[in-house]
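1. fold the stuff below for me.
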Amino acid sequence: MRFKSQRGFTLMELMISITLVAAIATGMLMAMRGGLLSLSKTQTRLDENRRALGIQRVLTAQLGGVIPMRSGCGGGPMTPFAFRGTPTTLQMVSTYSMAEGARGYAQVVEYQIAPDGNGTVQLIVYEHPYIGAGSTGGFCGDDVALQGSPQPLVAASRLAYCRFSYFQINPDKQFREGGWVNSWRQEDLPGAIRIEMAPASPDPIRLPMVAVTAPVRVNRHFEDLTYEDQQ
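-> Below you'll find the predicted structure:
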């Protein structure tokens with residue numbers, strides 16, 4: 001027996017129509033879901049790329065903002081300089097803060113390269129306000145000992161390698177020559193600071209963490225505290 005609706009459609013025709021509408025609706029929902037997932041993945045990649053660029057910009061600003069401050073070790077006006085570096089650790093005083101930017105107090109900044117699991121390493125940044133020579137106690141002693149901070153920042157993770165180097169200027173060549181060294185314990189600042197790093201698993205669709213090289217603008221020698229125009 002064939003049943004007809006008031007407009008003359010059979011029950012089979014109604015079922016086919018309902019099935020087609022449901023299939024179209026399901027297809028539209030699946031397409032919308034796929035589009036939203038693609039948009040979410042694209043946004044995540046953009047955020048990661050922005051973070052990588054931001055971290056590199058902040059590292060460059062903080063390294064370039066290093067200032068010549070004396071430490072509180074030993075006492076007297078010519079105490080050791082508050083800048084020490086090794087291939088895996090760097091301590092300095094900078095005018096730039098990871099949290100506050102160029103605002104507020106100068107910061108005692110400490111970089112550490114630490115294991116990250118699965119054979120990779122990470123770059124950790126510690127900082128606390130510089131409030132005088134007494135806040136640089138970590139510069140005293142033979143080893144570069146980290147002071148730490150309540151909220152360390154992981155600047156980069158899952159790295160194949162990460163190391164620091166320091167550019168040593170040759171003053172006899174009017175600062176036109178020099179070379180990179182892997183440690184710094186001298187009484188003046190290096191000409192530049194470099195952080196070499198590379199991701200453990202490069203991703204062609206994401207910006208990698210690359211080397212950061214920051215020139216140091218301060219080139220004063222602290223053995224001579226009087227400039228020619230002050231004589």
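2. ok, residues contacting stretch 204-214?
-> Stretch 204-214 has contacts (CB atoms under 8 Å, 6 or more residues apart in numbering) with 45, 48-49, 52-53, 55-56, 59-61, 63-64, 156, 159, 192-199, 202. All C-beta spots, glycine's among them, are computed from the backbone N, C-alpha and C.
3. let's see 7 Å
-> With CB atoms under 7 Å, 6 or more residues apart in numbering as the test, stretch 204-214 has contacts from 45, 48-49, 52-53, 56, 59-60, 63-64, 156, 159, 192-199, 202.
4. what's the spacing between that stretch and its chain's center?
-> On the basis of CA atoms, centre = their mean, to the nearest Å, stretch 204-214 is displaced by 10 Å from the centre of the chain it belongs to.
5. could you list the low-pLDDT ranges of the chain?
-> For the chain, applying pLDDT under 70 flags the ranges 1-9, 42-43, 45-46, 48-49, 72, 74-80, 137-150, 171-177, 219-231.
6. go again using 90 as the cut-off
-> 1-58, 64-85, 91-93, 97-110, 115-119, 126-158, 168-179, 184-191, 198-212, 215-231 (pLDDT under 90).
7. how about the longest strand along it, which residues are buried there?
-> The residue-count maximum for a strand in the chain (DSSP state E) belongs to strand 153-170. Neighbour-count burial for strand 153-170 flags 155-157, 159, 162, 164-169 (criterion: 16 or more other CB atoms under 10 Å).
8. what's in contact with the helix or strand that that strand is followed by?
-> Note on strand 153-170: by DSSP states H and E, the next helix or strand toward the C-terminus is strand 177-181. Strand 177-181 has contacts (CB under 7 Å, 6+ apart) with 165-170, 191, 194.
9. closest to Met12 among the residues you listed?
-> Using CB to CB, Arg194 comes nearest to Met12 of the contacts of strand 177-181, at 76.7 Å.
10. show me what that closest one is bridged to.
-> On the basis of DSSP bridges, Arg194 is bridged to Ser165, Thr213.
11. might one say that Ser135 is in contact with Val108?
-> Yes: between Ser135 and Val108 there is a contact at 5.8 Å, judged by CB atoms under 7 Å.
12. those two: which is more packed in?
-> Applying other CB atoms under 10 Å to Ser135 and Val108 shows that Val108 carries more neighbours, namely 25 against 21.
13. now the one helix or strand that one maps to: buried residues?
-> For Val108, the host element (DSSP H and E) is strand 107-117. For strand 107-117, burial by neighbour count (16+ other CB under 10 Å) applies to 107-113, 116.
14. what's the closest of the residues you listed to Leu39?
-> Asp116 (30.3 Å).
15. now the phi/psi pair for the residue lying closest to the closest one once chain neighbours are set aside, please.
-> Among residues not flanking Asp116 along the chain, Gln122 sits closest, at 4.0 Å (CB to CB, 6 or more residues apart in numbering). Dihedral pair for Gln122: phi -140, psi 160, per degrees, to the nearest 10.
16. then Arg51?
-> Note on Arg51: backbone dihedrals following degrees, to the nearest 10 are phi -60, psi -40.
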